[in-house]
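**Student:** dropping the sequence and predicted coords here.
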Amino acid sequence: MPTPASGRGFLWLSLVLSSVCVALGSETQANSTTDALNILLIIVDDLRPSLGCYGDKLVRSPNIDQLASHSLLFQNAFAQQAVCAPSRVSFLTGRRPDTTRLYDFNSYWRVHAGNFSTIPQYFKENGYVTMSVGKVFHPGITSNHTDDSPYSWSFPPYHPSSEKYENTKTCRGPDGELHANLLCPVDVVDVPEGTLPDKQSTEQAVQLLEKMKTSASPFFLAVGYHKPHIPFRYPKEFQKLYPLENITLAPDSEVPDGLPPVAYNPWMDIRQREDVQALNISVPYGPIPVDFQRKIRQSYFASVSYLDTQVGHLLSALDDLQLANSTIVAFTSDHGRQSMDLVELVSLFPTLAGLAGLQVPPRCPVPSFHVELCREGKNLLKHFRFRDLEEDPYLPGNPRELIAYSQYPRPADFPQWNSDKPSLKDIKIMGYSIRTIDYRYTVWVGFNPDEFLANFSDIHAGELYFVDSDPFQDHNMYNDSQGGDLFQLLMP
């Protein structure tokens, strides 16, 4: 499998901003907290566009599809780094990973890089009650073991009590014993506490919405769901939606011949699962047996459908409480795989602020480590075509000028045990990708983790794919472009 900074694994994100609710802000912007629009931000973990609203004919996702049907749906949205903690810190602060200086799970940006404002912090400072449910910031040191409380939240963030069992031996295997497996359909009444994290998060979020119905202040509620992140631990009844005989293999599962070794991810976290270990797959390029490939896809799709029911319960509560017409709904994933214009997740901050009628934070200077409130993403209000909202002057009119940037760290030129999640001190190479409507260009360069500096004169490998003629990005043209021809190849 290619990695996020390589061919087919480069991450397209689904970003849905509800146009039904947003339309309330199209005529008049909120001038006080009494008429301000609420925000419901739904963050999903590792969701690729395996959804009906993206044209998938197999996956059953009626609730998300319904939201998308009256929303602005982006089909070419990019995460700035395809690892949970760096990605979430990036779009929740509106800063790129090279600014937050977070590439792994081992530091807190307010101490390590700068005391940057976050989206919920900005809304809190503008009179909103801000609340966090589930996996919003990544738990642990990257959010100071507090989910960035009290900076970002009016109340301590909620985490479901059952999430501590996610990676434990709760999966009953064919031998009748409990295992820590990748594939983990469960009978919910038999698991610890008789529930699952995402079910608990939905219940908590609905309770908070009920309390906010009579509040004099607007609310910003972020709900973070765990699925479909591995392990695929979900109620077993959802597996029945996807009979194995109906599951096809991935359309382009082979490693491209021209893929540089530095770009290949050996997926060591998956190999640690007991059912995968039992397959005795050779490292790093050993193929997964075809039957197990189908089971992986079956469980992923089932996890998506389980997630969809939780989203449905949440949105139904918003309707039942008569909050839908005063609430902006934003739906996104921190990273996944996959056309309207290219956009980046760092644009979420200025766009939500603008839609809610708040002052859009200014563009960041370079460097911006000592600037607490600014944003590196573009304001996407232009796409909503509101007559009374000023367009961001940084949004180009020519689609060919639209560019999305992403990056991914590596410890070595060849796949090894920590290739997918290297610690900062082990990062020796950084891959930087530029994506336009015509091509994707990646350069892997030397990186100094002590100075946080990339050396673009120290090129380890490169990739160049022309997406119109090579949609699966199988044919790396980088080596063919050397000798001064690269610039000509990339010209429109």
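**Tutor:** That came through, no problem. What you see is a predicted model, and the numbers here were worked out from it, not measured in a lab. Residues are numbered from 1 along each chain as shown.

**Student:** could you check how far stretch 188-196 is from the centre of its chain?
**Tutor:** Averaging C-alpha coordinates over stretch 188-196 and over its chain gives two centres that are 27 Å apart (C-alpha atoms, centre = their mean, to the nearest Å).

**Student:** buried ones in it?
**Tutor:** Neighbour counts using 16 or more other C-beta atoms under 10 Å place 191, 195-196 of stretch 188-196 among the buried residues. (Glycine included, C-beta is placed from N, CA and C.)

**Student:** what residues does that stretch touch?
**Tutor:** 160-162, 165, 168, 170, 172, 186, 199, 233-235 (C-beta atoms under 8 Å, 6 or more residues apart in numbering).

**Student:** tell me the SS of residue 72?
**Tutor:** Here residue 72 is strand, with the state taken from DSSP: H, G, I helix; E, B strand; the rest coil.

**Student:** number of residues surrounding it?
**Tutor:** Residue 72 is flanked by 17 other residues according to other C-beta atoms under 10 Å.

**Student:** which strand residues bridge it?
**Tutor:** With DSSP bridges as the criterion, the beta-bridge partners of residue 72 are residue 17.

**Student:** residue 129 contacts residue 219, doesn't it?
**Tutor:** Yes: in this structure, residue 129 is within contact of residue 219 by C-beta atoms under 8 Å, at 4.8 Å.

**Student:** now list whatever residues contact both of those two.
**Tutor:** residue 212.

**Student:** on that earlier part again, which of the contacts of stretch 188-196 are buried, as a ChimeraX select command?
**Tutor:** Applying 16+ other C-beta under 10 Å to these leaves a buried subset, and the ChimeraX line that selects it is:
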select :160,162,165,170,172,199,233,234,235
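
**Student:** can you redo the contacts of stretch 188-196 as TSV with secondary structure, pLDDT and distance to residue 408?
**Tutor:** Below are those laid out as TSV (DSSP: H, G, I helix; E, B strand; the rest coil; pLDDT from 0 to 100; distance: C-beta to C-beta, whole Å):
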residue	secondary structure	pLDDT	distance to residue 408
160	coil	98	30
161	helix	98	33
162	helix	98	32
165	helix	97	30
168	coil	95	29
170	coil	96	31
172	strand	93	36
186	strand	97	33
199	helix	98	33
233	strand	98	27
234	strand	98	28
235	strand	98	33
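
**Student:** low-confidence bits of the stretch 201-350 of the chain, can you list those?
**Tutor:** Residue ranges of the stretch 201-350 of the chain with pLDDT under 70: 336-340.

**Student:** show me where it has helices.
**Tutor:** 268-271, 274-277, 290-320, 348-355 (DSSP state H, counting those that start in this stretch).

**Student:** from the contact counts, what lies against the last one?
**Tutor:** Just to be clear, that refers to helix 348-355. Packed against helix 348-355 by the contact rule (3 or more C-beta pairs under 8 Å, 6 or more residues apart in numbering; DSSP states H and E) you find strand 12-18, helix 84-93, helix 119-125, strand 327-333.

**Student:** run a quick neighbour tally on residue 178.
**Tutor:** Using other C-beta under 10 Å as the criterion, residue 178 is surrounded by 15 other residues.

**Student:** number the chain from 214, please
**Tutor:** In the new count, where the first residue is 214, that last one comes out as residue 391.

**Student:** quick one, what contacts the closest residue to it other than its chain neighbours?
**Tutor:** In space, and not counting its chain neighbours, residue 391 is closest to residue 382: 4.3 Å by C-beta to C-beta, 6 or more residues apart in numbering. When the contact criterion is C-beta under 8 Å, 6+ apart, the partners of residue 382 are 391-393.

**Student:** can you add distance to residue 675 and give the contacts of stretch 401-409 back as CSV?
**Tutor:** As requested, the contacts of stretch 401-409 are arranged in CSV below (distance: C-beta to C-beta, whole Å):
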residue, distance to residue 675
373, 43
374, 47
375, 45
378, 43
381, 42
383, 44
385, 47
399, 44
412, 46
446, 39
447, 40
448, 45
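
**Student:** closest to residue 546 among the contacts of stretch 401-409?
**Tutor:** Minimum distance to residue 546 across those is 16.7 Å, recorded for residue 447 (C-beta to C-beta).
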